[in-house]
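Asks: Let's see this in three dimensions:
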Amino acid sequence: MLTTDFVTGAPCWLDLGSPNTRGAADFYGEVFGWDFRPAGQEAGGYGFFQVDGKHVAALGPLTEEGASSAWTVYFRTPDADATAKAAEQGGGTVRVAPFDAMEAGRMACLTDPHGAEFAVWQPAALQGLEKVTDQGSLCWAELHTGDPTAAKAFYRGLFGWRSEDVKVPGMTYTVLSTAAGEDQQKASFGGVVPFREPAEKPHWLPYFEVPDVDQVVARTEGNGGSVLMPAADAPDIGRMAWLADPYGAPFAVIKSVTPPVEPTPSSG
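Replies: So this is what the prediction gives:
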């Protein structure tokens, strides 16, 4: 499960690149009840989505040439430069070389060998998201790829991730866990799923915990978004749906069978 006691390889930040930041902020405000707080003029239009005053995600304008609206998952690293170099050596691409994000931390934007985009975060003043697993916040990160075996090997080389293959109806689902933690199940944070259709493109899909999936689906459609996979029940997991905002960025929502309660981060 995700916690804010971040370890190497854990999802620690999430942001949305959008061609219409004002429209996106309004959409997610209606769908999730998020508040949007601009980071200031020096941040170039970047800002934070908040729940109860705590960061749950971020939003900014598209900055890469040819980029389309999408959510980007950031994984924690102790050394962004070393991870970027390792990604290249493993067959990936460095889209944006490591740089300092003011005093917040150091980051790099990468693409795995199969085309899924992600980022890495080396924290300084900003450790990461301030709320996860709770209602209205990130609870899972899922990689959709055409070659799960090769993808697992690539990310294991970067972060030391552990994995467990689970048979589910129609496919094999891989549960990912960080290298740290004696209990692999408790260290899980996401999964790998093979393409359902040949035309699908590799991507990381963020899941947000919600109290009522069907209500969120209705609000998504009512505010200009679309449904990519209708709400459905997964035995022993929960009810979920895949959606897209009005500008095409995909995301998922889930009401877990047993919603996790995020533990208090350790103080030492």
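Asks: got the contact list for the spatially closest residue to E209 that is not a sequence neighbour?
Replies: Of all residues not flanking E209 in the chain, C139 sits nearest, at 4.2 Å (CB to CB, 6 or more residues apart in numbering). To be clear about C-beta, it is placed using only N, CA and C from the backbone, and glycine gets the same treatment. C139 sits next to M1, L2, V132, T133, Y207, F208, E209, I254, S256, P260 when contact means CB atoms under 8 Å, 6 or more residues apart in numbering.
Asks: Report the buried residues of the helix or strand W242 falls within.
Replies: Assigned by DSSP states H and E, W242 falls within strand 238-244. By 16 or more other CB atoms under 10 Å, the buried positions in strand 238-244 come out as G238, R239, M240, A241, W242, L243.
Asks: Sheet partners, orientation included, of that strand?
Replies: strand 226-234 (antiparallel), strand 250-256 (antiparallel) (DSSP bridges).
Asks: Highest mean neighbour count out of those strands?
Replies: Highest mean neighbour count among the strands paired with strand 238-244 (mean count of other CB atoms under 10 Å): strand 250-256, with a mean of 22.
Asks: any idea how far that strand is from the chain center?
Replies: 11 Å (CA atoms, centre = their mean, to the nearest Å).
Asks: What of stretch 148-166?
Replies: Distance, centroid of stretch 148-166 to centroid of chain: 17 Å (CA atoms, centre = their mean).
Asks: What lies in contact with it?
Replies: With CB under 8 Å, 6+ apart as the criterion, stretch 148-166 contacts 8-9, 75, 77, 83, 86-87, 90-92, 112-114, 116, 143, 145, 172-179, 184, 187, 192-194.
Asks: Just the buried ones from those?
Replies: By 16+ other CB under 10 Å, the contacts of stretch 148-166 give 8-9, 75, 77, 83, 86-87, 90, 92, 112-114, 116, 143, 145, 173-178, 187, 192-194 as buried.
Asks: so of the residues you listed, which ones are in helices?
Replies: T83, A86, A87 (DSSP state H).
Asks: so which of the residues you listed comes closest to S69?
Replies: Checking those against S69 by CB to CB gives A87 as the nearest, at 23.4 Å.
Asks: before we move on, back to that, in TSV, list the ones in helices among the buried ones among the contacts of stretch 148-166 along with distance to G105 and pLDDT.
Replies: Listed next are those as TSV, based on distance: CB to CB, whole Å; pLDDT from 0 to 100:
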residue	distance to G105	pLDDT
T83	13	98
A86	18	98
A87	18	98
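Asks: Helices of the protein, start to end?
Replies: 21-32, 80-89, 148-159, 213-222.
Asks: Figure out which of those helices is closest to A125.
Replies: helix 80-89 (14.9 Å).
Asks: The nearest residue to L59 once chain neighbours are set aside: neighbour count?
Replies: Spatial nearest neighbour of L59, excluding adjacent residues (CB to CB, 6+ apart): L16 at 4.8 Å. Using other CB atoms under 10 Å, the number of residues around L16 comes to 23.
Asks: what's the answer for the one 10 residues further on, then?
Replies: A count of neighbours around D26, defined by other CB under 10 Å, yields 15.
Asks: Report the contact partners of it.
Replies: N223.
Asks: so where's the chain shaky on pLDDT?
Replies: 259-268 (pLDDT under 70).
Asks: make it 90
Replies: 1, 39-45, 63-67, 167-172, 181-182, 195-200, 234-236, 258-268 (pLDDT under 90).
Asks: now the strands paired with strand 238-244 in JSON lines, with distance to S69?
Replies: Listed next are the strands paired with strand 238-244 as JSON lines, based on distance: least, CB to CB, whole Å:
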{"stretch": "strand 226-234", "distance to S69": "13"}
{"stretch": "strand 250-256", "distance to S69": "9"}
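Asks: Tell me which of the ones you listed sits nearest to A104.
Replies: Of the strands paired with strand 238-244, nearest to A104 by CB to CB is strand 250-256, at 23.5 Å.
Asks: Can you give the contact residues for the closest one?
Replies: 70-71, 139-140, 142, 203, 205-213, 216-217, 228, 237-245.
Asks: and if we set it to 7 Å?
Replies: Residues outside strand 250-256 that contact it (CB atoms under 7 Å, 6 or more residues apart in numbering): 71, 139, 203, 205-213, 216, 228, 238-244.
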